[in-house]
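**Q** only geometry, no sequence info:
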């Protein structure tokens, strides 16, 4: 009897998880869900400044700021479609790939950085600021090179660069961050972007290899 109950519970949990992933990724609702979460977090931000101080609050603030950026990028699947059409020239970035890159690579990183800032030192959380700054520079470089708008450009210019650079300066000052702390934060941000590029390039090569085999078959 107990085994049947446990099996039914496990089956129910798996069904709920599948339903959640279908809603988030299959129906592409995660950018809007992120925007909603960002609104809630921004409403709580004054409390964070009052209770935790500037350094912790500025680390906290990076996640809702990035969620707003992600909404500009990914609402209506704009960024993935833009990248596949104009950069990869194939379906290199899948919907699931885009979701996991943004959830683990951004949300996951910002959560880890917040824990480091609170329980160790804000100086070890500088990657939370370097990640959006590096991301903004990639959007700007792409816009200059192609002389056109790309999804995420506006928030890169008017949200990431001014606010994240100020936050980086303020937290570095308050935490007496060393050049080693700066290098660590910048290296983490660059490593995440390099990992994404490597993933996209590998996908392009794989898809082109499949196309070549089909053409010669």
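**A** Sure thing, it's come through. All figures in this text were calculated on a predicted structure; none of them were measured in a lab.

**Q** low-confidence ranges in this structure?
**A** Applying pLDDT under 70 to the chain flags the ranges 1-12, 210-217.

**Q** Now do the helices in it.
**A** 2-21, 30-52, 54-74, 78-83, 95-102, 109-119, 127-146, 153-155, 165-174, 179-216 (DSSP state H).

**Q** Including mean neighbour count and distance to residue 89, could those go into a markdown table?
**A** (Each C-beta comes from the backbone N, C-alpha and C, glycine too.) Compiled in a markdown table, the helices of the chain are given as follows (neighbours: other CB atoms under 10 Å; distance: least, CB to CB, whole Å):
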| stretch | mean neighbour count | distance to residue 89 |
| --- | --- | --- |
| helix 2-21 | 10 | 28 |
| helix 30-52 | 15 | 24 |
| helix 54-74 | 22 | 20 |
| helix 78-83 | 18 | 10 |
| helix 95-102 | 17 | 16 |
| helix 109-119 | 17 | 29 |
| helix 127-146 | 19 | 14 |
| helix 153-155 | 18 | 21 |
| helix 165-174 | 17 | 34 |
| helix 179-216 | 13 | 8 |
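
**Q** give the contact list for the residue most central in space within the chain.
**A** The central residue of the chain, meaning the one whose C-alpha is nearest the mean C-alpha position (CA atoms, centre = their mean), is residue 106 at 3.0 Å. Neighbouring residues of residue 106 by CB atoms under 8 Å, 6 or more residues apart in numbering: 63, 66, 70, 131.

**Q** Check those and tell me the two furthest apart.
**A** With distance counted by CB to CB, no two of the contacts of residue 106 lie farther apart than 70 and 131, which are 12.2 Å apart.

**Q** How much space separates the residue nearest to the centre of the chain from residue 88?
**A** The spacing between residue 106 and residue 88, counted by CB to CB, to the nearest Å, is 20 Å.

**Q** do residue 160 as well
**A** Distance, residue 160 to residue 88, by CB to CB: 24 Å.

**Q** just residue 72 next, same as before
**A** Per CB to CB, residue 72 is found 20 Å from residue 88.

**Q** Ok, residue 59 next?
**A** When distances are taken as CB to CB, residue 59 and residue 88 turn out to be 33 Å apart.

**Q** ditto for residue 178
**A** According to CB to CB, residue 178 and residue 88 sit 39 Å apart.

**Q** Kindly report the same for residue 190.
**A** 21 Å.

**Q** show me what contacts the closest residue in space to residue 190 that isn't next to it in sequence?
**A** For residue 190, the nearest residue in space outside its immediate sequence neighbours is residue 134; the separation is 6.1 Å by CB to CB, 6 or more residues apart in numbering. Counting by CB under 8 Å, 6+ apart, residue 134 touches 186, 189-190, 193.

**Q** With respect to residue 44, which of those is nearest?
**A** residue 189 (25.2 Å).
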